[in-house]
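K.L.:
Quick check, what structure comes out for this input:
(chains A and B)
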There are 2 protein chains.
Amino acid sequence: MHDWAYLRPLLRANDRKIVLLVLDGLGGMPMGPVGPTELEYANTPVMDALAADGTLGQTIPVAPGIAPGSGPAHLALFGYDPLHYTVGRGALAAAGVGLDLQPGDVVARGNFATLDAEGRIVDRRAGRIGTAEAAPLVERLNRIQLPGVEVTVRPVREYRFVLRLRGQGLNPDLDDTDPQQTGVPPRPVRARTPQAETTAALLNRWVAEAQRLLADQPKANGVLLRGFSTDPALPRFGDWFGLHAVAIAVYPMYKGVARLVGMDVLDFDGDTPADQFAAAARVWPEYDFFFIHIKKTDSKGEDGDFYGKAKIIEQVDRALPALLDLKPDVLIITGDHSTPAMLRSHSWHPVPFLLWAPQTARSDNQYRFGETACAQGGLGTFPAVQTMPLALAHAGRLKKFGA
Amino acid sequence: MHDWAYLRPLLRANDRKIVLLVLDGLGGMPMGPVGPTELEYANTPVMDALAADGTLGQTIPVAPGIAPGSGPAHLALFGYDPLHYTVGRGALAAAGVGLDLQPGDVVARGNFATLDAEGRIVDRRAGRIGTAEAAPLVERLNRIQLPGVEVTVRPVREYRFVLRLRGQGLNPDLDDTDPQQTGVPPRPVRARTPQAETTAALLNRWVAEAQRLLADQPKANGVLLRGFSTDPALPRFGDWFGLHAVAIAVYPMYKGVARLVGMDVLDFDGDTPADQFAAAARVWPEYDFFFIHIKKTDSKGEDGDFYGKAKIIEQVDRALPALLDLKPDVLIITGDHSTPAMLRSHSWHPVPFLLWAPQTARSDNQYRFGETACAQGGLGTFPAVQTMPLALAHAGRLKKFGA
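P.N.:
Below you'll find the model as predicted:
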């Protein structure tokens, strides 16, 4: 499923509104051989009522057995087959901080790091220095100039930054300098192809200069680069699906993916689900597709915090009435992948999927939102990349195919 | 799904062990409008405990509505899309008896047959002569020489043999000589393309010579050839999935498929499930993937013997504790296709699938291993060709995809 050519002639505009509410890493597992998952354990009267009224199912994020990163998992939900549309980590990070990408740019994720007197890595994250501490160091790095190339460094969060080169003849086919271990020096930037040799040389010059500018720093006296990539030039979500879309996310990464597919990204105050739903209310008339991203379900899952994850789900549930008050025509509540607290990591397990559409969702005798109910739901088990056509159909935005 | 390029960068080696236990033709049907299937009727306390602990699902062997032969059905379980990777019957038969195939070889399955005085077929299986009776006749056929071509005949079982031609310019694009009926003479070998004319001529010469050498035989005085094919040159299972794999099968056909994908094939004493599990125990430290094939579920299904099929399933269930004692990390119990006793033949029905992996299988409120429970299981309904990525994921052998 590489493009949606077959949808284009079927698209129909109307004023119906679609909400895609993503609880990151929603899918879970029991903490023992049997028992409830995080979602099943959580007290979620609102979601359960939506489940009773709507249709459940479960999605395969990328392919069976594949535990996806958040980038590919979200691309799938947006209709971009992640096995076809690959987005480099550098490009994701750049988009996340709003650093625009043009064809030919080369971007990388950067870390400040601590090096010892012999140049060996002591700490790959420079003692996790804070955002405030890193800001002036990023400013220093922005002073570095390279011949014939525009160089931009942008802070991300804490010890992380993004580096962008813009110019003629750049090529991102480069190996990371981050060796992913301590006790060894950073690697030089190495070209994987002859076409990338010039870019490698420029970047090695940049790294040497950066090291020199940071030499007086007790913790952040080195830099590591990885995920060299370029503009993925993704087709635009709005064009594919005939939607005017906005993303309401707290974390840069998710804003970034949304920007890469051409969604607007909303600025708003606060960081709770209630704040996000209030932000949606504020721009409700302006858009017809709302991607709302809740991060902390995933974070709690990665921490192995079963009850903490359940509590975040309950927090979303309590806030949901404000979203329902907006009267969305289609509301999808799902995850981008599973992050079972039991496994403390992203996993390949199917993801619970709830589709609520008062006019058109076929009820399926499932009355609770949870993994087991979803496995028996009316939508069956399906690839996440099929989410968007389902959303469009239930919003009355697809005409009949054929006569 | 033609290859597994996207898995390659995710593969991670470890010491976890995967067992794929295939009960041939496992899927069944009730004998009337309602009632239990063979698997549901069988008393299987061990499998039921595994089902309670693990996750169920059902597979589509090749494509919906397709009743597959054992060759394609097994290829699918091994990750080879049978609509893409076609293996001729001759090649399967050759592999089954350990006759090696090289690119350019042409192989065929052969039957001894009974012809009347006018050369018409009286019995396509030569009165089902036994293996011992056929052996000296195969020796006679091995005396036949053809110009510029190495000819090898190998006995299979009873009235069946395999014929292999090895030489330059051979082409397998040939029609069967077996007309699949009696009362008519065998057909000549006919080329389907001009490129195969030379091979057809050589084979017709071989058939004439064979007939001459067998003229004194009361029953086996003729030969029929079918399934002309060549080395399918399949990618190697071990390379695709990063596994060192062994097949523990009783019947030549299944050893053959395993050999074609590059698995080792184990010699062992006995032919019961208990013997097969004992054989697995013997080589347990040497491999990380064990394909164990139980044939008789399918044979009983083809005989229309509902209770007999259930008894074989119970026999496997009783033997299973010995396999579990080996502490596999992932155990999959499934069939290659359905063979409902009710239909006395292979069928296209979905196949029950049980995945047991103590650390990672998500329980799904299913407590019995059977068709209805599997249709409601947590894995949903999925193509059999997706079995291997699931097995790898549950064995911790796949890294995360993307960031």
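
K.L.:
tell me the pLDDT at the closest residue to A:Gly130 other than its chain neighbours?
P.N.:
Setting aside the residues directly before and after it, A:Gly130 is nearest to A:Glu158 in space (C-beta to C-beta, 6 or more residues apart in numbering or on different chains), at 5.9 Å. Yep, even glycine has a C-beta here, placed from its N, CA and C like the rest. For A:Glu158, the pLDDT comes out at 90.

K.L.:
Would you quantify the distance from A:Glu158 to A:Thr339?
P.N.:
Computed with C-beta to C-beta, to the nearest Å, the distance linking A:Glu158 and A:Thr339 is 21 Å.

K.L.:
which of those two has more neighbours?
P.N.:
More neighbours sit around A:Thr339 than around the other of A:Glu158 and A:Thr339, counting by other C-beta atoms under 10 Å in any protein chain shown; the figures are 32 against 17.

K.L.:
Quick check: that one touching A:Gly304?
P.N.:
No - the pair A:Thr339 and A:Gly304 fails to qualify as a contact (C-beta atoms under 8 Å) at a distance of 10.0 Å.

K.L.:
Pretty sure A:Thr55 sits against A:Arg362.
P.N.:
Yes - contact status for A:Thr55 versus A:Arg362: in contact at 5.6 Å, counting by C-beta under 8 Å.

K.L.:
With neighbour numbers in mind, choose between these two.
P.N.:
For A:Thr55 versus A:Arg362, neighbours defined as other C-beta under 10 Å are more numerous around A:Thr55 (23 against 10).

K.L.:
Got phi/psi on that one?
P.N.:
In terms of degrees, to the nearest 10, the main-chain angles of A:Thr55 are phi -130, psi 140.

K.L.:
in stretch A:184-203, what counts as buried?
P.N.:
Residues of stretch A:184-203 classed as buried under the neighbour-count rule (16 or more other C-beta atoms under 10 Å in any protein chain shown) are A:Pro186, A:Val189, A:Ala191, A:Ala196, A:Thr198, A:Thr199, A:Ala200, A:Leu202, A:Leu203.

K.L.:
Stretch A:340-348 too?
P.N.:
For stretch A:340-348, burial by neighbour count (16+ other C-beta under 10 Å) applies to A:Pro340, A:Ala341, A:Met342, A:Leu343, A:His346, A:Ser347, A:Trp348.

K.L.:
List the residues that contact the last one.
P.N.:
This means A:Trp348. Contacts for A:Trp348 were tallied using C-beta atoms under 8 Å, 6 or more residues apart in numbering or on different chains; they are A:Pro61, A:Pro64, A:Gly65, A:Ile66, A:Ala67, A:Pro68, A:His337, A:Ser338, B:Leu390, B:Ala393, B:Leu398.

K.L.:
so where is chain A shaky, pLDDT-wise?
P.N.:
Along chain A, segments meeting pLDDT under 70 span A:1.

K.L.:
Okay, domains of it per the record?
P.N.:
A:8-87+A:234-394, A:92-229 (automatic domain parsing).

K.L.:
Deepest-packed of the ones you listed, please.
P.N.:
Each of the domains of chain A was scored by mean neighbour count; the highest is domain A:8-87+A:234-394, a mean of 21, by mean count of other C-beta atoms under 10 Å in any protein chain shown.

K.L.:
returning to what we had before: compile the contacts of A:Trp348 into CSV and extend it with columns for secondary structure and distance to A:Arg12.
P.N.:
Converted to CSV, these look like this (DSSP: H, G, I helix; E, B strand; the rest coil; distance: C-beta to C-beta, whole Å):
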residue, secondary structure, distance to A:Arg12
A:Pro61, coil, 29
A:Pro64, coil, 33
A:Gly65, coil, 37
A:Ile66, coil, 34
A:Ala67, coil, 37
A:Pro68, strand, 32
A:His337, coil, 31
A:Ser338, strand, 34
B:Leu390, helix, 38
B:Ala393, helix, 40
B:Leu398, strand, 41
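
K.L.:
For B:Met47, state which of those residues is nearest.
P.N.:
B:Leu390 (18.3 Å; C-beta to C-beta).

K.L.:
any idea how far that closest one lies from B:Thr55?
P.N.:
Following C-beta to C-beta, the distance that separates B:Leu390 from B:Thr55 is 9 Å.

K.L.:
Pull up the overlap in contacts between the two.
P.N.:
Both B:Leu390 and B:Thr55 are in contact with B:Leu355, B:Leu379, where contact means C-beta under 8 Å, 6+ apart.

K.L.:
just so I have it, where are all the strands in the stretch 201-350 of chain A?
P.N.:
Counting by DSSP state E, counting those that start in this stretch, the stretch 201-350 of chain A has these strands, from start to end: A:222-229, A:245-249, A:264-265, A:289-294, A:330-334.

K.L.:
Could you point out which of these sits nearest B:Glu150?
P.N.:
strand A:222-229 (54.2 Å).
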